[in-house]
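In: What shape does this take:
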Amino acid sequence: MNQPPTQFRRLPHAQLHALVASAVSAVGMPADRAQLLADLLTANDLRGVFSHGTRQVATYARLMRDGRLNPAPQLSTVTETPVSLLVDGDGGLGYFPTHAGTLQLIDKAKANGVAVLLTRNHGHFGAAGLYARLTLGHDLLCFVTSGHQLHLEPGDLHYDAAGGSPMAFSAPAGEEDPLVLDFGAMHDLYGGRRDELSRLAPGLVLRSIGMGEVCQAWGGLLSGLRMQPEPRRWTWPGANQGAMVMALRIDLFLPAADFRRQMDEYVQQVRKLTPLPGLDTAYLAGGIEAARERQYAVEGVPVSAEHQQLLEVLADELGVPVPWR
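Out: Reported below is the predicted structural model:
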């Protein structure tokens with residue numbers, strides 16, 4: 001899904017960052033939030049996760065401009081214990097309660113061994129891997145998911161039960177790149193050949209749907225979303241999502257340094273395996289994204305003509321400058 005474009009223009013990530021920050025500032029987002037959102041979207045572009053990178057700002061800015069999402073939400077803590085946290089996003093983008101909540105979650109997990117964050121009343125939270133990567137420098141293992149408001153009707157296809165289905169898992173290494181598995185369980189089954197896949201490998205498809213159902217139950221229903229979409233659970237029309245982040249301390253079971261050494265050996269051994277057909281290298285999950293991040297930070301992000309046009313049309317709509325013109 002996130003292969004680099006075959007035809008592209010390389011743009012410095014700083015220019016992409018500047019356009020995102022300008023665009024969301026133009027629709028009323030405070031400066032500090034605009035900078036954070038630009039950081040997070042650009043980070044995905046640098047890793048080659050283009051589906052959840054700067055191209056998303058075109059949707060976000062219009063949702064805020066059109067009154068569907070709150071451009072200046074006031075986050076609030078609904079409930080809190082030593083090992084849990086529920087954060088309300090006040091109808092804004094999901095990035096803000098999930099990012100702020102994950103930083104608090106890290107402190108709770110370090111102090112108490114395990115901790116769980118739920119967020120509610122917000123829009124899209126982006127790529128789940130953004131939050132799974134936040135824990136890597138703290139000797140924690142992490143799981144992230146999100147659910148959104150479903151609109152299931154009798155006769156709809158079974159695929160629809162899985163919703164958006166984002167998941168991420170992470171584990172730190174020592175000298176090697178960490179393990180970061182960041183994916184949508186249903187993204188290859190949104191259309192196209194999914195019925196053919198269902199006939200050829202029904203177990204694979206049902207597992208994908210099942211993982212999506214976990215996302216909906218843990219990241220959606222548990223956050224307070226209801227199966228019945230009306231009346232709406234929260235005020236802002238675009239606030240139709242929730243999220244979950246779980247973290248646990250490695251040294252509950254094994255000295256963290258020992259674990260990281262074993263992870264380094266794991267990465268090294270996987271790299272020596274025969275890659276899948278059509279691929280050049282066998283990577284542990286997250287390895288190819290880490291390699292792209294190092295490359296794109298120096299050479300620039302490969303931006304397709306469609307991606308570039310998406311950003312330029314938005315900038316023209318909002319009257320903000322396009323840094324690469």
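In: domains in this protein, as residue ranges please.
Out: For the chain, the structural domains run 8-66+299-325, 73-271, going by automatic domain parsing.
In: In a markdown table, list these along with mean neighbour count.
Out: For glycine as for every other residue, the C-beta is placed from the backbone atoms N, C-alpha and C. A markdown table is the format used below for those (neighbours: other Cβ atoms under 10 Å):
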| stretch | mean neighbour count |
| --- | --- |
| domain 8-66+299-325 | 19 |
| domain 73-271 | 19 |
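In: longest helix of the protein?
Out: helix 95-112 (DSSP state H).
In: quick one: it to chain centroid distance?
Out: 16 Å (Cα atoms, centre = their mean, to the nearest Å).
In: And the strands in this structure?
Out: When assigned using DSSP state E, the strands of the chain occupy the ranges 9-11, 76-81, 84-88, 114-122, 140-148, 166-171, 179-184, 241-249, 301-303.
In: Just send those back as a markdown table, with distance to residue 32 and mean pLDDT too.
Out: Shown next, in a markdown table, are those (distance: least, Cβ to Cβ, whole Å; pLDDT from 0 to 100):
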| stretch | distance to residue 32 | mean pLDDT |
| --- | --- | --- |
| strand 9-11 | 24 | 98 |
| strand 76-81 | 17 | 98 |
| strand 84-88 | 17 | 98 |
| strand 114-122 | 17 | 98 |
| strand 140-148 | 23 | 98 |
| strand 166-171 | 25 | 98 |
| strand 179-184 | 25 | 97 |
| strand 241-249 | 21 | 98 |
| strand 301-303 | 24 | 98 |
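In: Extract the residue ranges of the chain that are flagged as low pLDDT.
Out: 1 (pLDDT under 70).
In: Correct me if wrong: residue 211 contacts residue 183.
Out: No: when contacts are counted by Cβ atoms under 8 Å, residue 211 is not listed as touching residue 183 (9.1 Å).
In: So for the two, which residues contact both of them?
Out: Common neighbours of residue 211 and residue 183, counting by Cβ atoms under 8 Å, 6 or more residues apart in numbering, are residue 167.
In: Could you verify my assumption that residue 64 touches residue 26?
Out: No: between residue 64 and residue 26 there is no contact under Cβ under 8 Å: 9.6 Å.
In: close enough to count as contact, residue 212 and residue 158?
Out: No: the pair residue 212 and residue 158 does not pass the contact test of Cβ under 8 Å, sitting 10.4 Å apart.
In: Now residue 100. Nearest residue, chain neighbours left out?
Out: Distances taken as Cβ to Cβ, 6 or more residues apart in numbering put residue 75 closest to residue 100, at 6.1 Å, once the chain neighbours are dropped.
In: which ones are touching that neighbour?
Out: Residue 75 touches 87, 88, 89, 90, 96, 97, 100, counting by Cβ under 8 Å, 6+ apart.
In: Roughly how far does the fourth one sit from residue 41?
Out: By that I understand residue 90. 21 Å (Cβ to Cβ, to the nearest Å).
In: which residues sit in contact with residue 174?
Out: Residue 174 neighbours (Cβ under 8 Å, 6+ apart): 257, 260, 261, 263, 264.
In: Report the separation between the closest residue to it other than its chain neighbours and residue 117.
Out: Nearest non-adjacent residue to residue 174, counting by Cβ to Cβ, 6+ apart: residue 260, 3.9 Å away. Distance, residue 260 to residue 117, by Cβ to Cβ: 24 Å.
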